[in-house]
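1. Next one to model:
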Amino acid sequence: MSVISGLSKADFKTASDGLLELSEERLRSIMRTEPITDVYHVEQTPFARGKFASVRKIRHLVSGEEYAAKFIRKRRRAADSSREIQHEVAVLALCAGCTRVVRLHEVYETRSEVAIVLELCAGGELQRLLDEEERLSEGAARRALRHVLEGLAHLHARRIAHLDLKPQNLLLTGGGEELLICDFGISRAIQSGAHVREILGTRDYVAPEILSYEPLSLAADMWSVGVLAYVLVSGYSPFAGETKQETYLNIAQCQLSFPRDLFRGVSQRAMQFIRDTLVVDPKGRLTVEECLEHPWLKDDADIPRAIVGLGFDTAASDADSDETQENGVHGLNGNGVNGHNGMNGHSNGTNGTNGTHGGLWENGVHGVNGNGVNGQNGMNGHSNGTNGTNGTHDEEKERPVSPAEERAPPLKHAHARDPAPPFPDAPSTPKVSRKSLPSPPSVLALCKKFQPDYEKPAARSCSCGACCAPAPAPAPAPAPAPCARLRLPPARSAQDRALIC
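-> Okay, here's the model as predicted:
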């Protein structure tokens, strides 16, 4: 029997900073002080690692049952973090009866760290599935979001805000049928009348009111649910920018768009659900109960028995979608074998638009990652056009771009590890997943990026001698070298202009 089975609501107290506390007597009854290796065999290699914590698989020496043990250091940045660890234990104990929250088994404490023994979810993080499949089918995304919202309903009923919902903190059971919420290291108890202000969360999923340093609320989780829904059905982050400041500004202004190539086959109900949760005003967002009653999630049609992925090459259109397929084999890659205007900016055909080999990255929906022959225009090989049509095939025609797509910030893939850490106050949280650029920028590209526009004349040269006639001189002078005219570059579009927070 678990050591937390005897706890009641009266044993929990909420401090003014939103941390749950347990009495000393209860803590002594929960925290075991003998070495964990006396009871469990602990694998040396962790299968998950954060900045101040690591997760290892352990096996009970008598029963043989396997668990996951989260080892957390008690000192972070030369400060004692015992209260934060005890808060996480208290939240897990408070949610002991919820089947959508990872179950706490027992806790071990040493002088330097605390080991929280949790049930083992053999399916791993939902992020792993996204890394393999890039996105989920709409039915699988609905099933996953249902489970997340059912766990959130249990938390919100107890006035607990998770504040770090993302695929890395959602665990799958062995067969992928169930989804469980984990990692409550930065969660907070929300009291009526108490105003707790902290910068907490992960960059792409954080709510705008947190960036504005407004009081924490349960509605912050609902914003994260909207971002999660966007990521699950598209594989891309809705607000990611080239820099942290750009991302924060996109969030604060709710720069939301649904590019046709990413959302082909996604129903209008799904997009409306995302719009209803990604509302800047916290009071205007759907609550967890309203989300569960939303027509998109309440409908049982086409929901699979397990949460399985669906790659872009096999995506099927939804009956509620008003988008039509293009001329590709599955309507996803535009013009067939040449892979022009591909869904992810990949050239899937034999002759990709942006290079001589189909395996090269194409410039894609927002002109990112142009690594082909002509992908040299801009930082990191970004193309200057919206659709990345800087390839060697001049006969290719551009796809018409809607005004919403022109205004949309460049989307980032929701996977591939980000070298920059999340918010500093989320020590035990895995780093946010974003698409990494395939190669570092050249020195010339860096110079161009940080040079003011008025100092950026682009020298052009040609061999014809007709297009670059020298300007007439008032007095005789030596003949200038051919093609010496300097031309100012065209004004950059809103999409290419860096956003400054």
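2. so where do the helices sit in this protein?
-> 24-30, 82-94, 126-133, 138-157, 208-211, 219-234, 244-252, 260-263, 268-277, 288-292, 295-298, 403-407, 443-450 (DSSP state H).
3. could I get the ones you listed as a markdown table with mean neighbour count and mean pLDDT?
-> In short, each C-beta sits where N, CA and C put it, glycine included. Formatted as a markdown table, the helices of the chain follow (neighbours: other CB atoms under 10 Å; pLDDT from 0 to 100):
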| stretch | mean neighbour count | mean pLDDT |
| --- | --- | --- |
| helix 24-30 | 14 | 84 |
| helix 82-94 | 22 | 94 |
| helix 126-133 | 18 | 93 |
| helix 138-157 | 22 | 97 |
| helix 208-211 | 20 | 97 |
| helix 219-234 | 26 | 98 |
| helix 244-252 | 19 | 95 |
| helix 260-263 | 22 | 94 |
| helix 268-277 | 19 | 97 |
| helix 288-292 | 18 | 97 |
| helix 295-298 | 16 | 95 |
| helix 403-407 | 13 | 47 |
| helix 443-450 | 12 | 47 |
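4. among those, which is nearest L170?
-> Evaluated over those, closeness to L170 peaks at helix 126-133, with 4.2 Å, by CB to CB.
5. which stretch among the helices of the chain comes nearest D183?
-> For D183, the closest of the helices of the chain is helix 82-94, at 8.3 Å, according to CB to CB.
6. Show me the contact partners of that closest one.
-> The contact list for helix 82-94, computed with CB atoms under 8 Å, 6 or more residues apart in numbering, reads 4, 7, 9, 12, 15, 19-22, 27, 30, 72, 74, 101-104, 107, 114, 116, 118, 158, 160, 184-185, 187, 428.
7. Outline the domain layout of the protein.
-> In terms of domains, the chain is parsed into 9-119, 123-451+490-501 (source: automatic domain parsing).
8. If you average pLDDT over each of the ones you listed, which is lowest?
-> Among these, domain 123-451+490-501 has the lowest mean pLDDT, at a mean of 71.
9. circling back: from the contacts of helix 82-94, which land in strands?
-> When those are checked against strands (DSSP state E), the matches are 12, 20-22, 72, 104, 107, 114, 116, 118, 160.
10. Would you point out the most distant pair within those?
-> Spanning the widest gap among these are E21 and L118, at 20.8 Å by CB to CB.
11. ok, those two, which is more surrounded?
-> The neighbour comparison of E21 against L118 (other CB atoms under 10 Å) goes to L118, with 22 against 17.
12. Wait, the more buried one touches F71, no?
-> No. L118 lies out of contact with F71 (CB atoms under 8 Å); the separation is 11.5 Å.
13. list the contacts for V107?
-> Contacts of V107 (CB under 8 Å, 6+ apart): 3, 30-32, 89, 114-117.
14. Adding distance to S237, write those out as JSON lines.
-> Compiled in JSON lines, the contacts of V107 are given as follows (distance: CB to CB, whole Å):
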{"residue": "V3", "distance to S237": "40"}
{"residue": "I30", "distance to S237": "38"}
{"residue": "M31", "distance to S237": "39"}
{"residue": "R32", "distance to S237": "41"}
{"residue": "V89", "distance to S237": "32"}
{"residue": "V114", "distance to S237": "33"}
{"residue": "A115", "distance to S237": "33"}
{"residue": "I116", "distance to S237": "29"}
{"residue": "V117", "distance to S237": "33"}
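15. Among the contacts of helix 82-94, the buried ones, what's the PyMOL command?
-> Remark: buried members of the contacts of helix 82-94, expressed as a PyMOL selection using 16 or more other CB atoms under 10 Å:
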select buried, resi 4+7+12+19+20+21+22+27+30+72+74+101+102+103+104+107+114+116+118+160+184+185+187+428
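16. quick one on the thing from earlier: mind putting the helices of the chain into TSV with distance to S54?
-> Formatted as TSV, those follow (distance: least, CB to CB, whole Å):
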stretch	distance to S54
helix 24-30	21
helix 82-94	14
helix 126-133	17
helix 138-157	24
helix 208-211	27
helix 219-234	24
helix 244-252	26
helix 260-263	35
helix 268-277	33
helix 288-292	31
helix 295-298	35
helix 403-407	42
helix 443-450	36
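17. Quick one: closest of those helices to L165.
-> Checking those against L165 by CB to CB gives helix 219-234 as the closest, at 4.0 Å.
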